[in-house]
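Visitor: Need the 3D shape of this:
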Amino acid sequence: MQTEIIISGFGGQGALFAGQLLAYTGLDHGLHVTWFPSYGPEMRGGTAHCTVILSDDEIGSPVVKNPSAAIVMNIPSLEKYEPLVASDGVLVVNTSLIDRHATRQDIDIIEVPANEIAEELGEKRLANLVLTGALIERLGVLTIEQVGKSLGNHIPEHRRNLLESNREALQRGAEIAQRAVQPG
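Guide: A predicted model of the protein is given here:
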């Protein structure tokens, strides 16, 4: 099993943190992983994305042409990555910032109002984990419980006060994915 994931958005939206969390969770559970971040020169407000590969075997290259899954947090990310997701893959779309529907018929599309859910939870910076929860639920490579535990093991000390709300954000995203209609 090898699963390639791209997480993309504007700098400051937490795309890189979400990818790091998935990589840490994979490591914590005996998987081979790569985490390959990339960001534009502007940092906050510029483009930011990362590629995460989770595998039960050695990984030959961190470069991914057609990912198994993608989280797109803004319109430029949707435009770039929707065409690249492999057939039968998963695309998680942040409908809070994307005002059009993905159009592919051969992939599983999960639309999540991540920013609104994050604001309901009292912390707008949780949108990335709401989207991550939806992805994890649908992919089935890791569990929400595993990701939540790894979050507790790896969250920076100055963010520990947000641990429970981070876990709640993951759970809320998972619930959206459970209710979303799967293709076919």
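Visitor: Next, the residue sitting nearest the centre point of the chain: phi, psi?
Guide: Central residue of the chain (C-alpha atoms, centre = their mean): residue 132, 3.8 Å from the mean position. Backbone torsions for residue 132, taken as degrees, to the nearest 10, come to phi -60, psi -40.
Visitor: which residues touch it?
Guide: Shown in contact with residue 132 (C-beta atoms under 8 Å, 6 or more residues apart in numbering): 7, 18, 21, 22, 71, 147, 170, 173. Heads up, the C-betas are built off the backbone N, CA and C, glycines and all.
Visitor: Surely the last one touches residue 137?
Guide: Meaning residue 173. Yes - with contact defined as C-beta atoms under 8 Å, residue 173 counts as touching residue 137 (7.1 Å).
Visitor: neighbour count winner among the two?
Guide: Ranked by neighbour count (other C-beta atoms under 10 Å), residue 173 and residue 137 place residue 173 first, with 31 against 23.
Visitor: Against residue 8, how distant is the more buried one?
Guide: Here residue 173 is placed at a distance of 16 Å from residue 8 (C-beta to C-beta, to the nearest Å).
Visitor: How about residue 73?
Guide: Counting by C-beta to C-beta - residue 73 and residue 8 are separated by 6 Å.
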